[in-house]
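[1] For reference, the sequence and a predicted model appear below.
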Amino acid sequence: MERSADHQLLTAAQVAERLSLKESTIRAWLLAKRLSHIRIGRRAVRIPVFEVERIIAEGSVPAREPRR
């Protein structure tokens, strides 16, 4: 069974790498419920790739027009 890119699940380490952050930051965001996640065990969690895309989109700032 093949997963679409929207349904791909990532570890905290993978999310940290994609966002160029420390894994501890991602884990803090999980504790603060800033990221939705799926618990797959007592301690193991996975984060949907769409959450990473949401964080990137929220942090994107359009470039300003150059001054004349």
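    Received the coordinates, thanks. Numbering: from 1, shown residues only.
[2] so what strands line up beside the top strand by length along the chain?
    In the chain, with assignment by DSSP state E, the single longest strand is strand 45-48. Applying DSSP bridges, strand 45-48 is found paired with strand 9-10 (antiparallel), strand 38-39 (antiparallel).
[3] Is it correct that residue 36 is in contact with residue 48?
    Yes - at 6.8 Å, residue 36 and residue 48 qualify as touching, with contact defined as C-beta atoms under 8 Å. The way it works is simple: take the backbone N, C-alpha and C, and place the C-beta from them, glycine included.
[4] and those two? which has more neighbours close in?
    Between residue 36 and residue 48, counted using other C-beta atoms under 10 Å, residue 48 has the larger neighbour count: 18 against 11.
[5] hmm, back to that, just put the strands paired with strand 45-48 in JSON lines and tack on mean neighbour count, distance to residue 65 and mean pLDDT.
    Converted to JSON lines, those look like this (neighbours: other C-beta atoms under 10 Å; distance: least, C-beta to C-beta, whole Å; pLDDT from 0 to 100):
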{"stretch": "strand 9-10", "mean neighbour count": "17", "distance to residue 65": "36", "mean pLDDT": "96"}
{"stretch": "strand 38-39", "mean neighbour count": "10", "distance to residue 65": "42", "mean pLDDT": "94"}
